[in-house]
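*Asks:* here you go, sequence then predicted model.
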Amino acid sequence: MKKALLAILTLLLIGGTGYFVYSKVGNSKSTTTKIKEKEISKTETTENSKQVQKEKKKKESNNWNGEWTRVSVSDPGTLKISNFNGKTFDLALEVLSGANTGGIDGKATVTGKTAILVNDEFNCRLDLTLNKDSITVNETEGCYEIGGIGTHFGGEYKNQSAAAKTPKATLSSLSIIDANSDKDIQKLLGNDYDTLVENMQIIDSYELEDTLVFEGGVRGLYTFKEGIIVKDPFNHYYIGNIINDGEKVKFYTNDITYKNKLHPVVDEWRQDFADYPVEYIYKKMD
């Protein structure tokens, strides 16, 4: 038959009766064509979606806009970038070094993942490189003249997510003392440990016979943010730490001999702020 539908008549003998079942089969070619069209359409949609996501990620990876942070205990910085149009962007960079500040702003020119900002007045040039989750900033010598003493613009500025994952600075990560001594000091100071780290920006280290001494302070904030670490050959520690910008000095030791009195080196260290009250903290350590 040359019709669109083919009727198939099947005669079934059920229990000797003359019942039969009639079934109708549609045009299989037409059905197959529709299925293939749907599959092609689905494939095209998937490919288009992948392409859109790929272009979106590429665009995001080349997007300079946002706030970027230089994570540092004593030398933090904030880089703000806006109005990126593929060729230029507006930049505002502010940094600290202790109590001293520095800042620069302007319009940077962009080439791919690199950018340049020039300040002719100070003969300063910033070279910026966009990374996956950070921006690396390099500076010329003239840039040091823009801010206060000790300030600088160079370094790695991280996005919010990467900055949040950055480990806290420690005395050993700052190369002030060795890792084992650092662990001892963390146990001895407990919750005051981070304050000591913050107070140790600029270090003066020396030896008195067999005793090691590390004096520290924050640029522009001496007598408000200072600390001292003294370690003798017997693994005894004598640590002075200014708390809350001059509220008091805490003295920590694991030497019972100095449970209620200052070690001579620490006492000499505190003479510039001798009016600060002293709190004594003794802790036995194995």
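*Replies:* Yes, it's here.
*Asks:* any regions of the stretch 151-286 of the chain where pLDDT drops low?
*Replies:* Low-confidence segments of the stretch 151-286 of the chain, defined by pLDDT under 70, are absent.
*Asks:* next: the stretch 1-150 of the chain.
*Replies:* Segments of the stretch 1-150 of the chain classed as low confidence (criterion: pLDDT under 70) are 1-61.
*Asks:* list the contacts of the closest residue to Ile149 other than its chain neighbours.
*Replies:* Nearest residue to Ile149, sequence neighbours excluded (CB to CB, 6 or more residues apart in numbering): Asn100, at 5.6 Å. From N, CA and C alone the C-beta is placed, and that goes for glycine too. By CB atoms under 8 Å, 6 or more residues apart in numbering, Asn100 lies in contact with 147-151, 219-220.
*Asks:* bridged to Leu128, which residues?
*Replies:* Here Leu128 shows beta-bridge partners Ala115, Val137, assigned using DSSP bridges.
*Asks:* again, but for Asp90
*Replies:* Under DSSP bridges, the beta-bridge partners of Asp90 are Ser82, Lys107.
*Asks:* that one contacts Ile81, correct?
*Replies:* Yes. At 7.0 Å, Asp90 and Ile81 qualify as touching, with contact defined as CB atoms under 8 Å.
*Asks:* compare these two (neighbour count), which wins?
*Replies:* When Asp90 and Ile81 are compared on other CB atoms under 10 Å, the one with more neighbours turns out to be Ile81, at 22 against 16.
*Asks:* ok, now how distant is the more buried one from Thr114?
*Replies:* Separation of Ile81 from Thr114 (CB to CB, to the nearest Å) stands at 14 Å.
*Asks:* relative to Thr109, how far out is the residue nearest to Ile149?
*Replies:* Distance from Asn100 to Thr109, counting by CB to CB: 29 Å.
*Asks:* how's this structure carved up into domains?
*Replies:* The chain breaks down by automatic domain parsing into domains covering 6-61, 66-164, 179-282.
*Asks:* end-to-end on the longest one?
*Replies:* The reference is to domain 179-282. Using CA to CA, to the nearest Å, the end-to-end distance of domain 179-282 comes out at 22 Å.
*Asks:* check contacts around Leu212.
*Replies:* Residues in contact with Leu212, defined by CB under 8 Å, 6+ apart, are 205, 229-231.
*Asks:* drop anything exposed from the contacts of Asn100.
*Replies:* Using 16 or more other CB atoms under 10 Å as the burial test, the contacts of Asn100 include 147, 150-151, 219-220 as buried.
*Asks:* between those, which sits nearest Asp120?
*Replies:* Using CB to CB, Gly147 is the member of those that sits closest to Asp120, with 17.1 Å.
*Asks:* ok so, going back, closest to Gly246 out of the contacts of Leu212?
*Replies:* When those are ranked by distance to Gly246 (CB to CB), Ile229 comes first, at 19.5 Å.
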